[in-house]
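Asks: only geometry, no sequence info:
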Ligand code: SF4
């Protein structure tokens, strides 16, 4: 559940428009949820839902509805998105929204790409967004989160990250305090999910606001934070104030040390220091989930994978999430390097998801070597021995079962069997292998069928001609025009 669609909903209502807010998590029939008689539709989409967004846009445009795309896919792939939408929006603020609406709401083909210089200075309050938040709150069956954000952008410059190019901006603290009071008046013990890309950059400011507004024990929080924020005194303060889950990114043993406060440290020394810090964090905060990125160019051989195994041994209570490194269009300037080296594989957007695939031909591994290392590490990290140790380290009964269910489903066993099936396909499916070796750009049947199955017959029929393909080097080409 993103926050910006709620913000757009409030801003449109303030202009006197009737607003329908539809959430789609893949389980229901999205077409049935879309009301008739729309003038304009805003769709927020990740890249892996781009084909779904393209189909819906095509279907609605055929009925005269003007379509606008926002969200990460719009920022990463504006050229491709403009083929299927009337407007494609990068950073949206209220002025830009009013400009789009006052444009007279008519079609543009190809669509127009618009972007504000920065994120909005302020967003509507939780009270103003509450109707939309409640809809999302009821939508989630397992973890019910109230989404809040205290800052946009990030002061760090991790070269893979879409937020690294957005200037850091703290949102108004008094407005946040009012939001807290409103939430407490509505929910007995809310679980608040911070949508800041990097929560706690101004740690004391935000923690003071929480302490002044929320009595201990009245709310739980989940946040993505850097290790440099998670010092022992900060972690204790977070525990006291109800932080039950933190998600720091380690990413690599050879890079991204600055955001961990460990600049210059790499290899086993970094493993040792990160592990010690995370063990301290895990003693205070029940659920600690760390992210690793596999397939970075500065890694080679077995060593990076073996170092992560040592980390798993030394940090048994921490849940590891493994992502494959991917280049998402214009998300980062660093992606130009892979386009210059002609290493980007045009995997259809629907499968362009770091949990499932990398679209960059590995720099220092063959595909077989890479997948063998990935599968070996995953097997190690979700072995019976590792699971048993993890299970023992977690105190909360509910959390034990949550982690176990994560491990035996999509996060662990599911991921192992998925990557194993891809390795097998690379070995046995000539067309698939040729695509990954860049001998052909023809989309393999495997990917086509995945999109077809997930869209279902109705939306598959609305997928525009050519929408499975994209130019993987369009960012680079646009700079030479
Ligand atoms: S610290 Fe996190 S949010 Fe900031 S640039 Fe790095 S990955 Fe992105």
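Replies: Everything's here; your move. Everything numeric in this text was worked out from a predicted model, so none of it was measured. Residues are numbered from 1 along each chain as shown.

Asks: in the stretch 251-400 of the chain, which residue sits closest to the ligand?
Replies: Ranked by Cβ to the nearest ligand atom, the top residue of the stretch 251-400 of the chain for proximity to the ligand is residue 259, at 4.2 Å. The way it works is simple: take the backbone N, C-alpha and C, and place the C-beta from them, glycine included.

Asks: report the contact partners of that residue.
Replies: 156, 158, 198, 226-228, 249 (Cβ atoms under 8 Å, 6 or more residues apart in numbering).

Asks: buried residues of the worst-scoring helix or strand of the chain on mean pLDDT, list them for me.
Replies: One helix or strand of the chain scores below all others by mean pLDDT, DSSP states H and E: helix 397-408, with a mean of 83. Neighbour-count burial for helix 397-408, with 16 or more other Cβ atoms under 10 Å as criterion, is recorded at 399, 402-403, 406-407.

Asks: want to try CSV for those residues, with distance to residue 115 as columns?
Replies: Shown next, in CSV, are these (distance: Cβ to Cβ, whole Å):
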residue, distance to residue 115
399, 41
402, 39
403, 40
406, 36
407, 40
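
Asks: out of the residues you listed, which is nearest to residue 387?
Replies: Closest approach to residue 387 among the buried residues of helix 397-408 (Cβ to Cβ): residue 407, at 5.6 Å.

Asks: correct me, but the closest one touches residue 388?
Replies: No: assessed by Cβ atoms under 8 Å, residue 407 is found out of contact with residue 388, at 10.8 Å.

Asks: helices of the stretch 251-400 of the chain, residue ranges please.
Replies: 268-284, 303-314, 335-340, 367-381, 384-393, 397-408 (DSSP state H, counting those that start in this stretch).

Asks: distance between the fifth one and the chain's centre?
Replies: Think helix 384-393. 27 Å (Cα atoms, centre = their mean, to the nearest Å).

Asks: would you single out the least confident of the helices of the stretch 251-400 of the chain?
Replies: Note on the helices of the stretch 251-400 of the chain: helix 397-408 shows the lowest mean pLDDT, a mean of 83.

Asks: which strands and helices sit next to that helix?
Replies: Applying 3 or more Cβ pairs under 8 Å, 6 or more residues apart in numbering; DSSP states H and E, one finds that helix 397-408 contacts strand 287-294, helix 384-393.

Asks: what's the following helix or strand after it?
Replies: Per DSSP states H and E, the first helix or strand lying C-terminal to helix 397-408 is helix 413-428.

Asks: buried residues in the helix or strand just after that following helix, which are they?
Replies: Later in the chain than helix 413-428, the nearest helix or strand by DSSP H and E is helix 430-436. Buried residues in helix 430-436, counted by 16+ other Cβ under 10 Å: 432-433, 435-436.

Asks: so can I have CSV of the residues you listed showing distance to the ligand and pLDDT?
Replies: Converted to CSV, the buried residues of helix 430-436 look like this (distance: Cβ to the nearest ligand atom, whole Å; pLDDT from 0 to 100):
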residue, distance to the ligand, pLDDT
432, 31, 97
433, 32, 97
435, 30, 98
436, 27, 98
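
Asks: which pLDDT value belongs to residue 32?
Replies: Reading off the model, residue 32 has pLDDT 90.

Asks: what is the one helix or strand it maps to packed up against?
Replies: Secondary structure assigned from DSSP H and E places residue 32 in helix 30-33. On a contact count with 3+ Cβ pairs under 8 Å, 6+ apart, helix 30-33 meets helix 50-61, helix 445-462.

Asks: any idea how far it is from the middle of the chain?
Replies: Using Cα atoms, centre = their mean, the offset of helix 30-33 from its chain centre is 24 Å.

Asks: contacting residues around the helix or strand following it?
Replies: Beyond helix 30-33 in the direction of the C-terminus, DSSP H and E gives the next helix or strand as strand 40-44. With contacts defined as Cβ under 8 Å, 6+ apart, strand 40-44 is touched by 2, 4-5, 8, 34, 53, 56-57, 60, 65-71, 85, 101, 105.

Asks: many thanks, have a good one.
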